[in-house]
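Novice: Need a 3D model of the following:
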Amino acid sequence: MKILLIRLSSLGDIVLSQPVSSELKRIYPDCELHYLCKPQFAQIVKHFGTVEKIISYNKSHQFHHAMHNEYYDLIIDLHLKLASLLLGLITPHARILRYAKQRAIRQRIVRTHAHTGIRSTVDLYSSVLSKLPGYQPLEEVLLPRLLIPALDPALPEGKTLIALFPGAAHQTKLYPVSQLAVLIKQFLKESASSHFVVLGSASESYLGEELVKAAPDQVSNLCGKFSLEELITVIDRMAVVISNDSGPMHIAAALGKPQLAIFGATHPSLGFAPQNPLARVLVADLDCQPCSLHGGERCPRGDFRCMRSISPQQLTNALWELISPMG
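Specialist: Got it, this is the predicted structure:
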């Protein structure tokens, strides 16, 4: 049996699709599983541990012609936008299953600022499996998992390493860098053996430069220094991971790392909370949250209270709660 799983983007969504690939391998152990995504995310899919072939998506006629000539018994569309719908139409013979995206529910959550809603996008993705004949789900909750690459990235040695991802795709998902600097100073007063490693893309390096100023000897700005594959190993080496609602948050969850996840314009009720029993989610739960599904470029109210009301002391306390059991 030959199966194509489609999720083109983004980083977090692709990580959250991993349980579907695992379940397909459990249901059809002899299947040949292909995964279609944008090329920049192939390194993540490589470490699902379930996929025989990764196909890099592009918009060209040549690519679509090649897909038309492929034969799949089953296509599972976890993207559900025009690009993936077109691929389903041009791929002959295959049975096509699409997940329940729940767009209307998410729009209602944003419109009404509801704080209860979708438990997890993993559940939505996994709902597609119920359409398979005779499918019997596992009793345990499906959680994303990633294999750790056998790499040795250069990191500070002899310290308790704390990863800090200050970036995100949109401005209203960024916890203020000035407040992160206060967190660093507060925490390092009591933990001289700790070292903060600031991570993210090269375009986010300016945030790292600001945070290094808080404690130049105990903060390293490594934004843009690692490939996506290397980043998996780097995150695995960390004692704790601190992030906004972002792709790296989901990587940390898939590696089972103790983590702090900070939500601002978005909200866990939209289904994007980290799927990790070791995660602490910090969210103000204001009556204006969430104000958008994916975040925006400015606060509609102009005060950014959703993030500013989460104090550095709250982060410091939560960080201590996670790191203290480690000794």
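
Novice: quick one, phi/psi of the closest residue to Ile118 other than its chain neighbours?
Specialist: Spatial nearest neighbour of Ile118, excluding adjacent residues (Cβ to Cβ, 6 or more residues apart in numbering): Gly271 at 3.4 Å. In short, each C-beta sits where N, CA and C put it, glycine included. Note on Gly271: its backbone torsions stand at phi 100, psi 10 [degrees, to the nearest 10].

Novice: Now Leu87: closest residue in space, sequence neighbours ignored.
Specialist: That would be Met67: by Cβ to Cβ, 6+ apart, it lies 5.9 Å from Leu87.

Novice: swap in Ser292?
Specialist: Ala265 (5.4 Å).

Novice: tally of neighbours for that neighbour?
Specialist: The tally of other residues near Ala265 (other Cβ atoms under 10 Å) stands at 29.

Novice: Restrict stretch 180-194 to CA atoms and write it as CSV.
Specialist: The C-alpha trace of stretch 180-194 is given here as CSV (Å, rounded to 0.1, in the frame of the first residue of the first chain):
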residue,chain,number,x,y,z
LEU,A,180,12.8,38.6,28.9
ALA,A,181,16.0,40.6,29.9
VAL,A,182,14.5,41.0,33.4
LEU,A,183,13.8,37.3,33.6
ILE,A,184,17.4,36.5,32.7
LYS,A,185,18.8,38.9,35.4
GLN,A,186,16.4,37.7,38.1
PHE,A,187,17.1,34.0,37.4
LEU,A,188,20.9,34.3,37.1
LYS,A,189,21.1,36.0,40.5
GLU,A,190,20.1,32.7,42.1
SER,A,191,21.6,30.3,39.5
ALA,A,192,25.1,31.2,38.5
SER,A,193,25.6,27.7,37.0
SER,A,194,23.0,28.4,34.4
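
Novice: buried ones in that stretch?
Specialist: Neighbour-count burial for stretch 180-194, with 16 or more other Cβ atoms under 10 Å as criterion, is recorded at Leu180, Ala181, Val182, Leu183, Ile184, Gln186, Phe187, Leu188, Ser191, Ser194.

Novice: swap in stretch 45-64?
Specialist: Val45, Lys46, His47, Phe48, Thr50, Val51, Ile54, Ile55, Tyr57, His64.

Novice: now stretch 209-218
Specialist: By neighbour count on 16+ other Cβ under 10 Å, the buried set for stretch 209-218 is Glu210, Leu211, Val212, Ala214, Ala215, Gln218.

Novice: Identify the residues contacting it?
Specialist: For stretch 209-218, contacts defined as Cβ atoms under 8 Å, 6 or more residues apart in numbering pick out 159, 164, 166, 177, 180-182, 184-185, 188, 192, 194-196, 198, 219-221.

Novice: Please apply the same query to stretch 318-327.
Specialist: Outside stretch 318-327, the residues that reach it (Cβ under 8 Å, 6+ apart) are 160, 162, 183, 187, 190-191, 194, 239-240, 242, 258-260, 278, 280, 282.

Novice: quick revisit: that's a helix at the residue nearest to Leu87, yeah?
Specialist: Yes. Assessed with DSSP: H, G, I helix; E, B strand; the rest coil, Met67 lies in a helix.

Novice: and it, how many residues sit next to it?
Specialist: Applying other Cβ under 10 Å, we find 18 residues neighbouring Met67.

Novice: give the contact list for it.
Specialist: Met67 sits next to Ile55, Leu87, Ile90, Thr91 when contact means Cβ under 8 Å, 6+ apart.

Novice: who wins for neighbours among those residues?
Specialist: Leu87 (24 neighbours).

Novice: in what helix or strand does that one lie?
Specialist: Using DSSP states H and E, Leu87 sits within helix 82-90.

Novice: State the mean pLDDT of that helix.
Specialist: Regarding helix 82-90, the rounded mean pLDDT is 90.

Novice: Could you list the low-pLDDT ranges of this protein?
Specialist: 327 (pLDDT under 70).

Novice: tell me what the biggest helix by length in it is packed against?
Specialist: As assigned by DSSP state H, the longest helix anywhere in the chain is helix 177-190. Secondary-structure packing of helix 177-190 (3 or more Cβ pairs under 8 Å, 6 or more residues apart in numbering; DSSP states H and E): strand 160-165, strand 194-198, helix 205-212, helix 312-323.
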